[in-house]
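Chemist: after the sequence you'll find the predicted model.
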Amino acid sequence: MMTFAFGIHRFVLSFLVVCLLTPSLWSAPPDDGPSTMNVMTWNIRYDNRGDGENAWTHRKDWVADIIRREQVDIVGLQEVLKHQLDDLTQRLPELAAYGVGRDDGNTKGEYSPILYRKDRFEVLDKSTFWLSKTPDQAGSRDWDSAITRIASWLKLKDRRTGQVFYAINTHFDHMGNEARANSAALLVKMLREKFKDHPVVLTGDFNTKPESVPYKTLTDRDPPNVPSFYDALAISEAKPQGPDSTWNGFDSIVPGQRIDFLFVTGSFYVRKHRTLDDQKDGRFPSDHLPVTALIEFVLP
């Protein structure tokens, strides 16, 4: 009898530990709860006139319409030039934006901006760091990176719940294996040093797949008592919807190319995850598919 009781006691303790460490096992609040947030990540393709019928001038209204339709609270975008960001904020007046050009920390080069619902969130802090050995040096580039890369972030307070959290948005290099690996390591370092005091949502085009070293670095649980990232798709309560890829090249969805991700830390519960595959007459609004997740604060 004593052995049975001891076994039950160990089972209960083990279950509680798993619940504490795994966001998806928390009891789910309703979809329309005050702490629910709809988050999106999307590489919208820079304005390249050589894209012909897929050039930005033919896509900008469509991109804005999809963001509006999805009623996003936060969206991290990649490959955004200054005039593209202006186009979107003009069409989406309910959203404010933060971002800088990667080449000079001002307006030159592509942005990795974050758009957020301005009636819901208060900005407490914001900045950008470079994916390099000198993250605070604007325009810096290291390792085997072909292009200068950045991560922009916001420290936000949710007016509905009073919760404070960070939103980080990035775009890893498309060529350098070493650069992607070191960029992931830098993000984990920043998570455990600079961003450890509040929950984090990380969005981006990581130019890497789930079986890769950078992905494994971001989601590593060793040691288990320090912050790490969870792939929102992997811990979604509902079955993830949409293709298994986020790359289409303006032509067709290429299977097995999931390179755009939404990550969260353990203080978020993921209710739903979707990869959107909007098309019109065989055309796509970008060469990447947008990804959305309905997430929820795990309230104390």
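Modeler: Sure, I can see it.
Chemist: test my guess that L289 contacts I253.
Modeler: Yes. Look at L289 against I253 with CB atoms under 8 Å: they come within range, at 7.1 Å. (C-beta placed from N, C-alpha, C; glycine too.)
Chemist: what's the overlap in contacts for those two?
Modeler: P243, S245, W247, D277 (CB atoms under 8 Å, 6 or more residues apart in numbering).
Chemist: tell me the two of those residues that are most distant?
Modeler: Based on CB to CB, the longest span within these runs between W247 and D277 and measures 11.6 Å.
Chemist: more neighbours: these two, which one.
Modeler: W247 (21 against 15; other CB atoms under 10 Å).
Chemist: the more buried one pairs with what?
Modeler: For W247, the beta-bridge partners are H288 (DSSP bridges).
Chemist: and it, what is it in contact with?
Modeler: By CB under 8 Å, 6+ apart, the contact set of W247 is I253, V254, Q257, I259, D287, H288, L289.
Chemist: how close does it sit to L186?
Modeler: As judged by CB to CB, to the nearest Å, W247 and L186 stand 24 Å apart.
Chemist: sorry, back to before: can you lay out the contacts of W247 as TSV showing neighbour count, pLDDT and distance to D65?
Modeler: TSV is the format used below for the contacts of W247 (neighbours: other CB atoms under 10 Å; pLDDT from 0 to 100; distance: CB to CB, whole Å):
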residue	neighbour count	pLDDT	distance to D65
I253	18	97	20
V254	12	96	25
Q257	17	97	25
I259	20	98	24
D287	17	98	18
H288	24	98	17
L289	24	98	15
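Chemist: and which of the residues you listed is nearest to P34?
Modeler: Of all the contacts of W247, P34 sits closest to L289, with 29.5 Å by CB to CB.
Chemist: spatially nearest residue to that closest one, not counting backbone neighbours?
Modeler: Spatially, and ignoring its direct neighbours in sequence, L289 is nearest to T246 (4.6 Å; CB to CB, 6 or more residues apart in numbering).
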